[in-house]
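Engineer: Fold the following for me, if possible:
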Amino acid sequence: MENLDKYRKSNNRRKKRRKRTKIKKNRLVAVLVLVILFFFAGFVSRYLLIGSTLKTEANWVTALASQDTQEYDNTMISVINRENNLLEYVVIINQQQAESDFQEPKDLNLLFVPGETYLDTPGNDIETYMESYHDGVGKLLQTTKEYFGISIHNFIQVDQRTFEHLNHQLELEQQIELEELGYKFLDSGLERDEFQTKFNDTMESLVSFYLQVRNELGLFNRPAIRSYVGDKVETNLTWEELTEYIELYNNAFENEAFNLYTIPGERDQVNDHEYLVLDNDDLGIMVEQYFSGEVGSIPQEDITVEILNGCGIDGAATDLKSELEDQGFQVVRIGNADHFEYQSSQVIARTDLIEAAKEVALEISGADLLHDQQDDPEAQVTVIIGENYVQNNSEEKENNFE
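Structural biologist: Sure, this is the predicted structure:
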């Protein structure tokens with residue numbers, strides 16, 4: 001049996017074992033994206049100013065990926081604190097093109113990345129995502145491609161204080177509470193469930209803010225606001241193109257057609273500073289599955305799975321069977337592994353269709369992806385449940401309850 005090293009990023013040199021974090025989903029981030037785009041496009045379809053431009057002619061535009069032959073595009077929204085020269089966080093949005101005009105649009109996939117993400121590449125010119133921002137937008141785009149494996153086709157950068165200014169100008173009753181999410185994500189002593197609570201509170205305040213601003217029909221007829229927003233935004237898109245994005249995201253928001261993933265990794269101390277240290281194994285799987293053109297290569301209903309209990313906890317295999325079947329997988333067998341001392345769960349590809357195992361691995365927190373091909377397997381994928389699966393599931397249930 002051999003590890004799928006080709007799915008590891010070549011710059012992954014840290015050998016320290018660390019607990020993997022579950023790929024989390026939260027549709028409330030849709031509001032964040034929608035608010036950003038809503039303000040910047042500014043009801044353009046109704047109030048577009050003749051002769052006004054938004055699209056930049058900066059040199060970094062040449063670093064964007066070409067969209068001529070792509071079946072998907074990735075839009076990157078960079079939220080910064082210009083006053084303190086900080087990259088707060090990034091949201092990367094993946095849009096897959098429907099295969100035909102008769103198909104329903106695919107869900108939008110969003111990836112949340114805090115600025116204080118450690119790139120885990122000793123000896124290179126930069127160590128953190130924040131440093132790439134300090135070197136300019138071009139370097140930030142290059143880093144996203146080289147370290148995360150994500151090509152960016154469209155870019156929007158905004159100062160987070162834009163929201164505070166608009167809130168003050170409009171004199172709204174609801175005060176926006178846009179936390180510094182990148183730092184709250186890594187705040188010393190702040191557990192993931194506490195961060196999730198703060199994140200949700202922020203999103204709820206944005207919901208209320210958005211609903212109030214939406215009623216301000218003449219908002220972008222105000223010269224002061226038009227001028228302010230134009231000065232705070234840097235993008236390769238025109239006003240007209242942003243209008244199209246507003247319609248896209250608004251429809252997805254109303255239909256709850258969003259999936260949010262936080263970049264996989266674990267908080268750790270590096271040089272006496274706390275960062276989010278990437279789990280490059282999980283990141284490679286996530287990027288290939290949700291932020292490239294290979295999404296949905298094997299339908300889940302066509303994937304057969306056997307589940308083996310390797311942790312010795314009664315009911316673990318039955319519970320996982322129910323979860324996978326809810327996602328559409330065919331579970332053809334459950335049983336016990338050769339022993340009950342597996343610390344980490346394993347997802348093993350039994351055929352040359354490794355993509356099938358990757359689909360299953362995305363549903364199991366902390367699982368190692370392996371390849372051990374058999375001549376006539378009972379299932380395409382074997383899952384051996386380790387102790388970390390039970391631990392991670394217990395933590396998730398506690399967080400959801402709170």
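Engineer: Pairing partners for the host helix or strand of Val79, with directions?
Structural biologist: For Val79, the host element (DSSP states H and E) is strand 72-81. Partner strands and pairing direction for strand 72-81 (DSSP bridges) are strand 86-96 (antiparallel), strand 154-159 (parallel).
Engineer: Show the average pLDDT along it.
Structural biologist: In this model, strand 72-81 carries a mean pLDDT of 86.
Engineer: Which positions in it come out as buried?
Structural biologist: For strand 72-81, the neighbour count (16 or more other C-beta atoms under 10 Å) marks 72-81 as buried. Using the backbone N, CA and C atoms, a C-beta is placed for each residue, glycine as well.
Engineer: nearest to Asp282, of the residues you listed?
Structural biologist: Each of the buried residues of strand 72-81 was checked against Asp282 using C-beta to C-beta; the closest is Asn74, at 18.5 Å.
Engineer: partners of the closest one in the sheet?
Structural biologist: Going by DSSP bridges, Asn74 forms beta bridges with Asn94.
Engineer: now it: how far from Leu64?
Structural biologist: Distance from Asn74 to Leu64, counting by C-beta to C-beta, to the nearest Å: 10 Å.
Engineer: now do Phe258
Structural biologist: Counting by C-beta to C-beta, the gap from Phe258 to Leu64 is 23 Å.
Engineer: Now do the host helix or strand of Leu140: which elements does it pack against?
Structural biologist: Element membership for Leu140, per DSSP H and E: helix 137-148. In terms of contacts (3 or more C-beta pairs under 8 Å, 6 or more residues apart in numbering; DSSP states H and E), helix 137-148 is packed against strand 72-81, strand 86-96, helix 129-134, strand 154-159.
Engineer: contact partners of stretch 137-148?
Structural biologist: 9, 11, 58-60, 63-65, 76, 78, 87, 90, 92, 113, 119, 121, 126, 129, 132-133, 150-152, 155, 157, 234, 263, 278, 283, 287 (C-beta atoms under 8 Å, 6 or more residues apart in numbering).
Engineer: Just the buried subset of these, please.
Structural biologist: 9, 11, 60, 63-64, 76, 78, 87, 90, 92, 113, 119, 121, 126, 129, 132-133, 150-152, 155, 157, 234, 263, 278, 283, 287.
Engineer: helix or strand for Glu323, which one?
Structural biologist: helix 316-326.
Engineer: Give me the sheet partners of whatever helix or strand comes next after that helix and which way each runs.
Structural biologist: Under the assignment DSSP H and E, the closest C-terminal helix or strand after helix 316-326 is strand 330-336. According to DSSP bridges, strand 330-336 has the following sheet partners: strand 304-309 (parallel).
Engineer: dump the residue contacts of Asp135.
Structural biologist: Contacts of Asp135 (C-beta under 8 Å, 6+ apart): Ile126.
Engineer: Got the confidence number for it?
Structural biologist: So Asp135 comes in at 89 (pLDDT).
Engineer: how much space between it and Trp60?
Structural biologist: Between Asp135 and Trp60 the computed distance is 11 Å (C-beta to C-beta).
Engineer: Also Glu359?
Structural biologist: Glu359 is 35 Å from Trp60, by C-beta to C-beta.
Engineer: for the nearest residue to Cys311 once chain neighbours are set aside, what are its contacts?
Structural biologist: Distances taken as C-beta to C-beta, 6 or more residues apart in numbering place Glu387 nearest to Cys311, at 4.8 Å, with adjacent residues excluded. Residues in contact with Glu387 (C-beta under 8 Å, 6+ apart) are 311, 342-344.
Engineer: for Val381, same thing?
Structural biologist: 303-306, 347-350, 356-357, 360.
Engineer: Ok, Asn85 next?
Structural biologist: Asn85 is in contact with His134, counting by C-beta under 8 Å, 6+ apart.
Engineer: care to break this protein down by domain?
Structural biologist: 11-290, 297-401 (automatic domain parsing).
Engineer: Kindly provide the whole-number mean pLDDT of the last one.
Structural biologist: So that's domain 297-401. Domain 297-401 comes out at a mean pLDDT of 86.
Engineer: one step back: flag every buried residue along the helix holding Glu323.
Structural biologist: Buried, per 16+ other C-beta under 10 Å, within helix 316-326: 316-317, 319-321, 324.
Engineer: And that helix, what does it pack against?
Structural biologist: strand 304-309, strand 330-336, strand 381-385, helix 387-401.
Engineer: Just the CA trace of the third one, in CSV.
Structural biologist: Extracted C-alpha coordinates of strand 381-385, given in CSV (Å, rounded to 0.1, in the frame of the first residue of the first chain):
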residue,chain,number,x,y,z
VAL,A,381,-13.3,2.3,-2.0
THR,A,382,-12.5,0.9,1.5
VAL,A,383,-12.9,3.1,4.5
ILE,A,384,-11.2,2.1,7.8
ILE,A,385,-12.6,4.2,10.7
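Engineer: That strand: partners in the sheet, and parallel or antiparallel?
Structural biologist: strand 304-309 (parallel), strand 346-349 (antiparallel).
Engineer: How many residues are close by Val332?
Structural biologist: 12 (other C-beta atoms under 10 Å).
Engineer: right, and it touches Glu378 too?
Structural biologist: Yes: using C-beta atoms under 8 Å, Val332 is in contact with Glu378, at 6.4 Å.
Engineer: Now do the shared contacts for the two.
Structural biologist: 304, 306.
Engineer: Would you mind listing the residues touching both of Asn74 and Leu64?
Structural biologist: Counting by C-beta under 8 Å, 6+ apart, the shared contacts of Asn74 and Leu64 are 152-154.
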